[in-house]
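Engineer: fold the stuff below for me.
(one chain, ligands or ions: 1)
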Amino acid sequence: MSESFRVGTRGSALATTQTGWAAQKLAGISGLDVETVLVKTEGDVVTGSLATLGGTGVFAAALRQHLLDAGCDLAVHSLKDLPTAQPEGLVLAAIPAREDVRDALCSRDSLGLDQLPHGAKIGTGSPRRAAQLLAYRSDFEIVDIRGNVPTRLGRVKGVGKTLDDGSVGRSTQGDLDAVILAAAGMRRLGLEDHITEYLDPSIMLPAPGQGALALETRSAGSGHQALDAALSQFDDAHTRMQVEAERALLSTLEAGCAAPIGALAHIDGDDLVLEAVACNPDGSETMRRSARIACSTTDAAQQLGRSLAQSMIADGAAVVAGLA
Ligand SMILES: NCc1[nH]cc(CCC(=O)O)c1CC(=O)O
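Structural biologist: Residues are numbered from 1 along each chain as shown. Coordinates of the predicted model:
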């Protein structure tokens, strides 16, 4: 039998789909076989202290503990779910080219954001999405929802419903007019047909790191030379610059992943441009700023994120976002 590497994944449809995608790419580049290790979330697998893994990110924590314990060689995360502080002993060995960064509206009767009736009920558990929606249309009623992507879709009539075979059909009932989900997750799950409108970043800035995957190994490497080489080949320099800027902004604002902060960097010619928004949770106040630097190193990208955050803090961003 040929050499194989072990990739750890959580059990959700999104996690297994994106882990499978990344692992197959890496297998193709490295010539190694893949073994998938299912890591149950939170309490049922973690024996060590979650606190040692840093802050929020309880979902990532179980997978990370497994990686540290050498129960697998590689973990695949959604970057936006990772706390900004990198745990000791682990590195983000590759950040592949990013998927669609935008948030997506999934609404009944294919209604666009501007066509939704007065007082429409919109489901999201994200303060960032809620605040930006309310800043755009203060008449919306935001409904706090939880659960995985198919579950959320199923709350909208005529949109998503998980069928017995695990596929997603169209629900005949629903208590919400629309939900907001990341376009990236929808596309990875093959659910883009359920998207009614891609929300323009001028209305809704995504979460820092949205749409990007983070492929993590132990700092000493995965234990497979061919996999380590494949990971560095799979890393995308532009995506890394963008997400470094976004995450440096977030960490400087001392905001956890649940804070109403949006950030999106893009490359414009020779420049790296970072746009950011801090909102108060009810959307009544928003502070939106942007900055740019000549595109050079990831250090410069981080500096861009930090300096934009500092100027926002100087203008009262922490107060706006309820962080102070
Ligand atoms: N917090 C859950 C989560 N983490 C990553 C994604 C989507 C994929 C991505 O942004 O890379 C989602 C679902 C969502 O926000 O709709």
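Engineer: the protein: helices as residue ranges?
Structural biologist: 13-30, 58-68, 127-136, 149-153, 183-188, 225-234, 237-252, 298-314, 317-320 (DSSP state H).
Engineer: least confident secondary structure element in this protein?
Structural biologist: In the chain, no helix or strand scores lower on mean pLDDT, DSSP states H and E than strand 161-162, which sits at a mean of 60.
Engineer: just so I know, which of the helices of the chain lies nearest the ligand?
Structural biologist: helix 183-188 (3.1 Å; Cβ to the nearest ligand atom). C-beta coordinates here come from the backbone N, C-alpha and C atoms, glycine included.
Engineer: quick one: contacts of the closest one?
Structural biologist: With contact meaning Cβ atoms under 8 Å, 6 or more residues apart in numbering, helix 183-188 is reached by 14, 17-18, 21, 78, 98-104, 106, 149, 192, 194-195, 198, 210-211.
Engineer: got any ranges where the protein has weak pLDDT?
Structural biologist: Low-confidence segments of the chain, defined by pLDDT under 70, span residues 1, 41-56, 160-172, 255-259, 323-324.
Engineer: for the residue most central in space within it, which non-adjacent residue is spatially closest?
Structural biologist: Geometric centre of the chain, nearest residue: Lys80, 3.1 Å, by Cα atoms, centre = their mean. Nearest residue to Lys80 in three dimensions, chain neighbours excluded: Gly209, at 4.0 Å (Cβ to Cβ, 6 or more residues apart in numbering).
Engineer: likewise for Gly262?
Structural biologist: Leu205 (2.9 Å).
Engineer: wait, the one you found sits on Ala135?
Structural biologist: No: the pair Leu205 / Ala135 is not scored as a contact, 10.8 Å apart, by Cβ atoms under 8 Å.
Engineer: between those two, who's got more neighbours?
Structural biologist: Taking other Cβ atoms under 10 Å, Leu205 and Ala135 do not tie; Leu205 has more neighbours (27 against 20).
Engineer: okay, now the residue in the stretch 1-150 of the chain positioned nearest to the ligand: neighbour count?
Structural biologist: Nearest to the ligand, among the residues of the stretch 1-150 of the chain, is Ser78, at 3.4 Å (Cβ to the nearest ligand atom). Residues near Ser78, counting by other Cβ under 10 Å, number 22.
Engineer: then Ser110?
Structural biologist: By other Cβ under 10 Å, neighbour count at Ser110 equals 11.
Engineer: what about it, distance to Glu197?
Structural biologist: From Ser110 over to Glu197 the distance is 9 Å, taken as Cβ to Cβ, to the nearest Å.
Engineer: still on that earlier bit, go ahead and confirm the residue nearest to Lys80 touches Arg247.
Structural biologist: Yes: under the contact definition of Cβ under 8 Å, Gly209 touches Arg247, with a separation of 6.0 Å.
Engineer: what parts of this structure come near the ligand?
Structural biologist: Residues of the chain lying close to the ligand by Cβ under 6 Å from any ligand atom are 78, 80-81, 149, 181-182, 184-185, 210-211.
Engineer: where strands are concerned, which of those residues count?
Structural biologist: Among the residues of the chain next to the ligand, the ones falling in strands (DSSP state E) are 78, 181-182.
Engineer: can I get those residues in a markdown table with distance to His66?
Structural biologist: Below are these laid out as a markdown table (distance: Cβ to Cβ, whole Å):
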| residue | distance to His66 |
| --- | --- |
| Ser78 | 17 |
| Leu181 | 27 |
| Ala182 | 25 |
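Engineer: how about the contacts made by Ile145?
Structural biologist: Taking Cβ under 8 Å, 6+ apart as the test, what Ile145 contacts is 123-125, 152, 155, 176, 179.
Engineer: nearest to Val320 among these?
Structural biologist: Thr124 (19.4 Å; Cβ to Cβ).
Engineer: ok, how many other residues are close to that closest one?
Structural biologist: Thr124 sits with 21 neighbouring residues when counted by other Cβ under 10 Å.
Engineer: what of Ile313?
Structural biologist: Quick note: Ile313 (other Cβ under 10 Å) scores 18 neighbours.
Engineer: same question, Glu35
Structural biologist: With other Cβ under 10 Å as criterion, Glu35 counts 13.
Engineer: now it, which residues is it bridged with?
Structural biologist: Residues in a beta bridge with Glu35, per DSSP bridges, are Arg6.
Engineer: name all residues that make contact with it.
Structural biologist: Contacts of Glu35 (Cβ under 8 Å, 6+ apart): 4-7.
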